[in-house]
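>>> Coordinates only, no sequence provided:
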């Protein structure tokens, strides 16, 4: 969908295409970055059990939570429709999502640094306000517990598990696993190099260890209303730091033993800002399932100001359209 609309990334010129502007005006969303860094195809040295168990345990907890409040067939049907909507269409990042870089990467100029700080306050303030409204609206009465549960620690676990499962699937060329863990647009970007992979080339990937605790960089849930879809979309960006081992193998075109490509074996420390999304039922406030949207680069002052300018231009065009209709 992103390519069809002419999107070029969350920090680039996003509102050049009329189709993009129309879609964003309807949905109230902005383009998400598709993961441009392609991991090599790899066969995993470590077992993939932990990540699958984490996902299964997380989903099991959600099922138990739902069982406490049995849903009608109509609600179950809605949840199924929401899962399909998430897979096919949730490929856009909320406007002004702020992914703070390390302090060492902040602008040195005091004026620019203050503008960047105000951007951080605005971005997180928007998310906090939206989350608070949803949390309070999920209360049946003032003194009752909110139905909407943030469960940030659980989201960190599921982001790690999805990220590892996806990486393992790319390593093994497992198209089914990729499609189950990623949104449609992100899955396509991963499947293209896998399909072009030669039979005489393979890779090995190993998660050596996590080098730090996962951190929530952004978390926002907002209502979505369009045609027959009425739901809540939650988007969370989780920073994952890890040490990874990568090896490339090859063999002759006639077969024979696999040999390590000289210089390909290396261990690298990687910090990734992984975006995950989930559709929530707007009546029960229960989640469906989480999927990977991709990975984001940290926000820059230039990108932030450009995004604000684009939003202002879009709002101005929208107001002109309303004025023409009023006349």
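That came through, no problem. Here the structure is a predicted model, which means the values were calculated and not measured.

>>> Can you list the low-confidence ranges for the stretch 201-327 of the chain?
The stretch 201-327 of the chain contains residues with pLDDT under 70 at 227, 321-327.

>>> any chance you could map the helices in it?
Along the stretch 201-327 of the chain, counting by DSSP state H, counting those that start in this stretch, helices occupy 301-326.

>>> And the strands in it, which stretches?
If DSSP state E, counting those that start in this stretch is used as the criterion, the strands of the stretch 201-327 of the chain fall at 201-210, 215-226, 229-252, 255-260, 266-281, 287-296.

>>> ok, for residue 98, nearest residue in space, not its chain neighbours?
With Cβ to Cβ, 6 or more residues apart in numbering as the criterion, residue 98 has its nearest non-adjacent residue at 2.9 Å, and that residue is residue 123. C-beta coordinates here come from the backbone N, C-alpha and C atoms, glycine included.

>>> The one you found in helix, strand or coil?
Secondary structure assignment for residue 123 (DSSP: H, G, I helix; E, B strand; the rest coil): helix.

>>> Contacts only, for it.
Taking Cβ atoms under 8 Å, 6 or more residues apart in numbering, we find residue 123 in contact with 96-98, 218, 299.

>>> what is residue 246 paired to in the beta sheet?
Beta-bridge pairing of residue 246, defined through DSSP bridges, involves residue 205, residue 266.

>>> That one and residue 133: what is the separation?
Distance from residue 246 to residue 133, counting by Cβ to Cβ, to the nearest Å: 44 Å.

>>> Give me the more crowded residue out of the two.
It is residue 246, of residue 246 and residue 133, that has more neighbours when counted by other Cβ atoms under 10 Å, with 17 against 13.

>>> Now for the nearest residue to residue 252 once chain neighbours are set aside, how many residues are close by?
Of all residues not flanking residue 252 in the chain, residue 200 sits nearest, at 7.0 Å (Cβ to Cβ, 6+ apart). By the criterion of other Cβ under 10 Å, residue 200 has 14 neighbours.

>>> What of the one 3 residues further on?
For residue 203, the number of neighbouring residues by other Cβ under 10 Å comes to 22.

>>> same check, this time on residue 254
Look at residue 254: counted by other Cβ under 10 Å, it has 6 neighbours.

>>> Ramachandran coordinates for it?
Dihedral pair for residue 254: phi -90, psi 0, per degrees, to the nearest 10.

>>> What separation is there between the residue nearest to residue 98 and residue 96?
Distance, residue 123 to residue 96, using Cβ to Cβ: 5 Å.

>>> go on, residue 296?
Distance of residue 296 to residue 96, computed by Cβ to Cβ: 13 Å.

>>> which of those two has more neighbours?
Applying other Cβ under 10 Å to residue 296 and residue 96 shows that residue 296 carries more neighbours, namely 23 against 20.

>>> For the more buried one, give the beta-bridge partners.
Counting by DSSP bridges, the residues bridging with residue 296 are residue 273.

>>> okay but it is in contact with residue 237, surely?
Yes: using Cβ atoms under 8 Å, residue 296 is in contact with residue 237, at 6.1 Å.

>>> Now do the shared contacts for those two.
If you check residue 296 and residue 237 against Cβ under 8 Å, 6+ apart, the residues they both contact are 97, 99, 273, 275.

>>> Are any of those buried, and if so which?
Buried subset of the shared contacts of residue 296 and residue 237 (neighbour count, 16 or more other Cβ atoms under 10 Å): 97, 99, 273, 275.

>>> was I right about the residue nearest to residue 252 contacting residue 254?
No: between residue 200 and residue 254 there is no contact under Cβ under 8 Å: 9.1 Å.

>>> what's the pLDDT at residue 158?
Looking at residue 158, its pLDDT is 95.
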